[in-house]
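J.: sequence first, predicted model second:
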Amino acid sequence: MLSFKKISVGLLFIGSLAACDNEQDMKNEKVEIGEKTEVQDSTQHEDIPSYEAPKFQIYGGWMNDESYILIKSDGYDGKNRSKYIVEKFTKTGKDKTIKHFQLAKSTGSKLTGILFNKKSNKTSFLTLELNKDHTEITVTLPNEKPDTYKNADIEPEEFNSEYEWED
């Protein structure tokens, strides 16, 4: 009789452990579902372009006979993707100018950006204007004449063998 009680108590103990495991599994499922929903929501939010984002592609290489410009992202600030870096260099020179800008206004295929210096508070404006086919871009920097560039079909290091990619 004593062994029957021990067996009964043992079975009750094992049954209660199994019930606890099932309850824990249900709690884990709820947590996982909630986490998946959050990830989906944040991903959907990132895909929504900001009002400042251009409606056409300005990223990449653009070149003319004398120089090459490379327009690339300057990161994501948590709200939009409107910050850019423009690198400008020549075929022969090692000199390279790097300018940071943020889009301020977009009117059709003409973009106005605010150039800023990360080391000082100085700002100025630049304009980027794409042609009808978006195969050429005219860049007007402060105190410089407008330069027109064609969409580059070569990489920067093919234009200038001494070009080095910045991280």
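T.: Good, I have the coordinates. Numbers count the residues shown, from 1 in each chain.
J.: when you work out contacts or count neighbours from here on, use the C-alpha atoms and nothing else.
T.: Will do.
J.: which residues touch stretch 146-159?
T.: Contacts to stretch 146-159, defined as Cα atoms under 8 Å, 6 or more residues apart in numbering, come from residues 60-64, 68, 70, 91, 135-140, 163-164.
J.: and Phe125, what are its bridge partners?
T.: Ile114 (DSSP bridges).
J.: wait, Glu87
T.: Leu70, Ile98.
J.: quick check, pLDDT for it.
T.: If you check Glu87, the pLDDT there is 91.
J.: among the contacts of stretch 146-159, name the buried ones.
T.: With neighbours counted by 16 or more other Cα atoms under 10 Å, these contain buried members at 61-63, 68, 70, 91, 136-140, 163.
J.: would you mind giving the residues you listed as TSV with pLDDT and distance to Lys105 added?
T.: Formatted as TSV, the buried ones among the contacts of stretch 146-159 follow (pLDDT from 0 to 100; distance: Cα to Cα, whole Å):
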residue	pLDDT	distance to Lys105
Gly61	94	22
Trp62	96	21
Met63	96	24
Tyr68	94	24
Leu70	93	21
Lys91	89	32
Glu136	95	19
Ile137	95	16
Thr138	95	16
Val139	94	15
Thr140	93	15
Tyr163	86	31
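J.: thinking again about what came up before, next step: the contacts of stretch 146-159 restricted to helices.
T.: Among the contacts of stretch 146-159, no residue falls in helices (DSSP state H).
J.: out of these, who's nearest Asn121?
T.: For these, the residue nearest Asn121 by Cα to Cα is Thr140; the value is 20.9 Å.
J.: how about the nearest residue to the closest one, chain neighbours excluded?
T.: Pro146 (4.4 Å; Cα to Cα, 6 or more residues apart in numbering).
J.: what about Val86, neighbour count?
T.: 19 (other Cα atoms under 10 Å).
J.: surely it meets Trp62?
T.: No. Under the criterion of Cα atoms under 8 Å, Val86 is not in contact with Trp62, lying 10.4 Å apart.
J.: pull up the overlap in contacts between the two.
T.: With Cα under 8 Å, 6+ apart, Val86 and Trp62 have common neighbours 69-70.
J.: Ile14 - how many residues pack around it?
T.: Counted with other Cα under 10 Å, residues neighbouring Ile14 total 12.
J.: start at 83 instead
T.: With 83 as the first residue, the last one maps to Ile96.
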